[in-house]
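Asker: below is the sequence, then the predicted model.
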Amino acid sequence: MTEEPLANPHFWTEVVVTTPAHSGLGPTLGYWSERPLAPGTLVRVPLGTREVLGMVWDAPAEPPSPELEALARPVQQVLHELAPLDQRWRQLVAFAARYYQRSLGEMALAALPPQLRELNSEQLQRRLKKRKAVETHATALPQGPALSPEQAEALGKLEQTSKPVLLFGATGSGKTEVYLRAVQDMLARDPQAQALVMVPEINLTPQLEARFAERFPAGSVVSLHSGLTPAQRLGNWLSAHLGQARIVLGTRMAVLASLPRLRLIVVDEEHDPSYKSQEGARYSARDLAVYRAHLGADDGPCQVLLGSATPSLESWYAAQQGRYLRLTMPQRVGGGAWPRLRLVDMNHQPKHTVLAPALIQAMADRAARGEQSMVLLNRRGYAPVLACHDCGWKSNCPHCSAHTVFHKIDRTLRCHHCGHTTRVPRACPECGNLDITPMGRGTEQIEEQLAGLLADARRPDGSPVRVARIDADTTRAKGSLESRLADMHAGEVDVLVGTQMIAKGHDFRRITLVASVNTDSGLFASDYRAPERLFSLLLQAAGRAGRDAAFVAEQGSSVELWVQTWYPQHPLFAALAKHDYPTFAEQQLSEREAAQMPPYAYQALVRAEARTQEAAQALLTLAAQASDGLPGREQLTLYPAVPMAIQRVANVERAQMLVESTSRPALQAFLAAWQDTLHSLRGLPETRGVIRWAIDVDPLTI
Ligand code: ADP
Ligand code: ZN
Ligand code: ZN
């Protein structure tokens, strides 16, 4: 680059920074720079009295108006060391900001590793030097097993299509092997290419990382998720950005990584709700992955592969319409039998049964033969609430419209929404009754009952049966999840009890029985996606059983999925028994079509938070009234404002309004224009006490 003459050292530069939502500032801010700066360059710029990280954005060479020109200040520092983020990355961020109704600066800067915000030019230079030292040696690496015919066919078709691919494969059908092979093939064709592989949960990354690390050269695989230290995250992000890492494994945040040579994106368990962010910009990493692939790469297309045993109805529908290519792998590798469904009719059990005697017996029999069982709890939300049977008192949170949950370990009552904690009272605070007891069954209680009911059961060596629990509570401490999983893999544990955390992904080898014990809440929930989630959870949990066909054959055991329910006639169970996701999906889709719900309609939810419920609802109601004439309005339905299911959290009242349309462009155009309306209503007497509001596009729960 030639030196610019000093006589004219002023170049108009537009920069995105993290500006507060609705600050009234535009999407970009204008600055002066001594040199022309390429879009995507990181800079440090003054903002008010602070100096913040910003990114040069695509902009005209001239200031848009004399007023802005007069206001502009100089760029403080240019982080020259780092190559600018490329055009496709900027397109992705711009799309995400627009689609999810957030500011460009928020979207762009939140996608960067947080530590980048604190580093000056010299510190960054040191980090980059360190990275250069990482050499990747190609050594002889294992190529993996010979492919099954289904896997080979899927890979063959994958290579021939440019559409997004939906890999509909049973759990244990060898989808991960297909991902590994697809990446290998891609790197064989183009050694400089990059792949992004996403999983829904942090705790699934270590095992996936291990599988990739053994197949690819050291240093070529990095991970990106929130469990990394800030320094690790920056280091891994840099290797991806510099093109050193060939493969990035990560959770939803990884979809926003800078990957200049990206040619393949894998979204494993694509139906998983964790791909939808529940804070800030509420983006769907799965949907952004499809968009990102659509942008392609410099030297060819970029492919996206969505894998699941129970695809989301959105993806299933897209495949039906021919927008995605569906590839099917119904067989489990090694011909492992599918677990047989055993429905336990709770109507016919002894009174107050929590765990059916036949189920306990079946688990004891298995433990005696050296087999493992898994007890699935349909989420921790159904945790024990203390109640008084004399006066009807229940342990409520004083700040939230929610019950507090009884935690036996430290004898506390905790609110799972705001965290409010009190000691368990000795007697009912209302009537003084000493006999207050937990209602419902939480994870701790089922574990405790289970241990009691299995007290006489023995392992093959005659020692007592061991029960372990895995859920968010027991695995808070660092390393505790890993050690519990290791115990399970090593056969130290006979019965594993846990929430959905244990249902996903884990390759347990000795489980022959999986039981769901509090199933029904998923059947009749108010959330229309609940049956879809329940089906997927049960099928995925069932997939943890019988993974080692040789072990099962040797044991002579039958592999079983036990489901306790009060509603054994529900059609969901008929499809589950046949392991028939397509029939279940058709049934759900026809219901959705009749009701004009997603994927046949598009939704957005506007949530308002305020000191009073009236103010929160008033903001939404007034905004709806003021929406006539906005673009897209005639194609939209605006529903009344309602309190949210959890109406109050930490003394803040919450309300929501659903906006729906069969036209996505109409919904998008409307939301973009409606933001200003909502903003302009703050400061009215009716909306006093409104704290914030936010739009959730394609919400997962309503
Ligand atoms: P999924 O991701 O569909 O649940 P995996 O890819 O984890 O399935 O495969 C299940 C098991 O089968 C794993 O232990 C894996 O190593 C093994 N496996 C996968 N493909 C093959 C193959 N072609 N030959 C032998 N074993 C395989
Ligand atoms: Zn009482
Ligand atoms: Zn609370």
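Answerer: That came through, no problem. Ligands and ions are numbered 1, 2, ... in the order given.
Asker: show me what the strand or helix carrying Glu447 is packed up against.
Answerer: Using DSSP states H and E, Glu447 sits in helix 443-453. Contacts defined by 3 or more CB pairs under 8 Å, 6 or more residues apart in numbering; DSSP states H and E place helix 443-453 against strand 467-470, strand 495-498. Just so you know, the C-beta spots here come from the backbone N, C-alpha and C atoms, and that holds for glycine as well.
Asker: which residues are contacting the first one?
Answerer: Among residues not part of strand 467-470, those counted as contacts by CB atoms under 8 Å, 6 or more residues apart in numbering are 443-444, 447, 450-451, 454, 481, 484-485, 487-488, 493-499, 501-502.
Asker: with just CA atoms, put it into CSV.
Answerer: Extracted in CSV, the C-alpha atoms of strand 467-470 (Å, rounded to 0.1, in the frame of the first residue of the first chain):
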residue,chain,number,x,y,z
VAL,A,467,-27.6,-45.1,41.6
ALA,A,468,-26.1,-41.8,40.3
ARG,A,469,-27.8,-38.6,39.3
ILE,A,470,-26.9,-36.1,36.5
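Asker: look up phi and psi at the residue of the stretch 101-250 of the chain at minimum distance from ligand 3.
Answerer: Using CB to the ion, the single residue of the stretch 101-250 of the chain nearest to ligand 3 is Ser226, 24.2 Å away. Per-residue torsions, Ser226: phi -80, psi 0 (degrees, to the nearest 10).
Asker: contacts only, for it.
Answerer: Going by CB under 8 Å, 6+ apart, the list of residues near Ser226 reads 202, 251, 253.
Asker: hmm, back to that, and the helix holding Glu447, C-alpha only, in PDB?
Answerer: Extracted in PDB, the C-alpha atoms of helix 443-453 (Å, rounded to 0.1, in the frame of the first residue of the first chain):
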ATOM      1  CA  THR A 443     -35.000 -35.300  40.600                       C
ATOM      2  CA  GLU A 444     -33.600 -35.700  44.200                       C
ATOM      3  CA  GLN A 445     -36.800 -37.400  45.300                       C
ATOM      4  CA  ILE A 446     -36.900 -39.900  42.600                       C
ATOM      5  CA  GLU A 447     -33.300 -40.800  43.100                       C
ATOM      6  CA  GLU A 448     -34.000 -41.200  46.800                       C
ATOM      7  CA  GLN A 449     -37.000 -43.400  46.200                       C
ATOM      8  CA  LEU A 450     -35.200 -45.400  43.600                       C
ATOM      9  CA  ALA A 451     -32.300 -46.100  46.000                       C
ATOM     10  CA  GLY A 452     -34.800 -47.200  48.600                       C
ATOM     11  CA  LEU A 453     -36.700 -49.500  46.200                       C
END
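Asker: show me what the helix or strand Phe535 falls within is packed against.
Answerer: Per DSSP H and E, Phe535 falls inside helix 530-542. Using 3+ CB pairs under 8 Å, 6+ apart as the contact test, the elements touching helix 530-542 are strand 372-376, strand 511-516, strand 560-565, helix 571-577, helix 581-594.
Asker: just the buried residues of it, please?
Answerer: 531-542 (16 or more other CB atoms under 10 Å).
Asker: closest one to ligand 2 out of the residues you listed, please.
Answerer: The nearest member of the buried residues of helix 530-542 to ligand 2, counting by CB to the ion, is Leu534 at 34.5 Å.
Asker: show the pLDDT at that closest one.
Answerer: pLDDT for Leu534: 89.
Asker: geometric centre of this protein: which residue is closest?
Answerer: In the chain, the residue lying closest to the centroid (CA atoms, centre = their mean) is Ser274, at 1.5 Å.
Asker: low-confidence regions, the stretch 101-250 of the chain specifically.
Answerer: Applying pLDDT under 70 to the stretch 101-250 of the chain flags the ranges 132-140.
Asker: quick one: the strands in it?
Answerer: 165-169, 194-198, 221-224, 247-250 (DSSP state E, counting those that start in this stretch).
Asker: any idea which of those strands gets closest to Pro631?
Answerer: Closest to Pro631 of the strands of the stretch 101-250 of the chain, according to CB to CB: strand 165-169, at 33.0 Å.
Asker: who does that closest one touch, helix- and strand-wise?
Answerer: helix 149-160, helix 175-189, strand 303-308, helix 313-320, strand 325-329.
Asker: quick one: contacts for the nearest residue to Leu306 once chain neighbours are set aside?
Answerer: Using CB to CB, 6 or more residues apart in numbering and skipping the chain neighbours, the partner closest in space to Leu306 is Glu270 (3.8 Å). Counting by CB under 8 Å, 6+ apart, Glu270 makes contact with 166, 286, 306-308, 311-312, 315.
Asker: quick one on the thing from earlier: compare the strands of the stretch 101-250 of the chain and report which one is nearest to Trp562.
Answerer: strand 165-169 (24.4 Å).
Asker: what are the pairing partners of the closest one, and which direction each?
Answerer: Partners of strand 165-169 in the sheet, by DSSP bridges, are strand 303-308 (parallel), strand 325-329 (parallel).
Asker: for the last one, buried residues please.
Answerer: To tie it back to what came earlier, the one meant is strand 325-329. By neighbour count on 16+ other CB under 10 Å, the buried set for strand 325-329 is 325-327, 329.
Asker: next one: stretch 225-241
Answerer: Residues of stretch 225-241 classed as buried by neighbour count (16+ other CB under 10 Å): 225, 228, 232-241.
Asker: can I get those residues in CSV with distance to Val690?
Answerer: Listed next are the buried residues of stretch 225-241 as CSV, based on distance: CB to CB, whole Å:
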residue, distance to Val690
His225, 35
Leu228, 37
Gln232, 40
Arg233, 35
Leu234, 37
Gly235, 42
Asn236, 40
Trp237, 37
Leu238, 41
Ser239, 44
Ala240, 40
His241, 40
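Asker: and these, which is closest to ligand 1?
Answerer: For the buried residues of stretch 225-241, the closest approach to ligand 1 (CB to the nearest ligand atom) belongs to His225, at 18.9 Å.
Asker: can you tell me which residues contact the closest residue to Pro60 other than its chain neighbours?
Answerer: Distances taken as CB to CB, 6+ apart place Trp12 nearest to Pro60, at 7.6 Å, with adjacent residues excluded. With contacts defined as CB under 8 Å, 6+ apart, Trp12 is in contact with 30, 32, 59-63, 69, 72.
Asker: about what we covered before: would JSON lines of the helices and strands packed on helix 530-542 with mean pLDDT and mean neighbour count be doable?
Answerer: What follows is those, written out as JSON lines (pLDDT from 0 to 100; neighbours: other CB atoms under 10 Å):
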{"stretch": "strand 372-376", "mean pLDDT": "94", "mean neighbour count": "26"}
{"stretch": "strand 511-516", "mean pLDDT": "95", "mean neighbour count": "26"}
{"stretch": "strand 560-565", "mean pLDDT": "94", "mean neighbour count": "23"}
{"stretch": "helix 571-577", "mean pLDDT": "93", "mean neighbour count": "17"}
{"stretch": "helix 581-594", "mean pLDDT": "93", "mean neighbour count": "16"}
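Asker: so which bits of the stretch 1-150 of the chain are right by ligand 3?
Answerer: Within the stretch 1-150 of the chain, no position lies close to ligand 3 (CB under 5 Å from the ion).
Asker: any low-confidence regions in the stretch 251-400 of the chain?
Answerer: 379-384, 389, 400.
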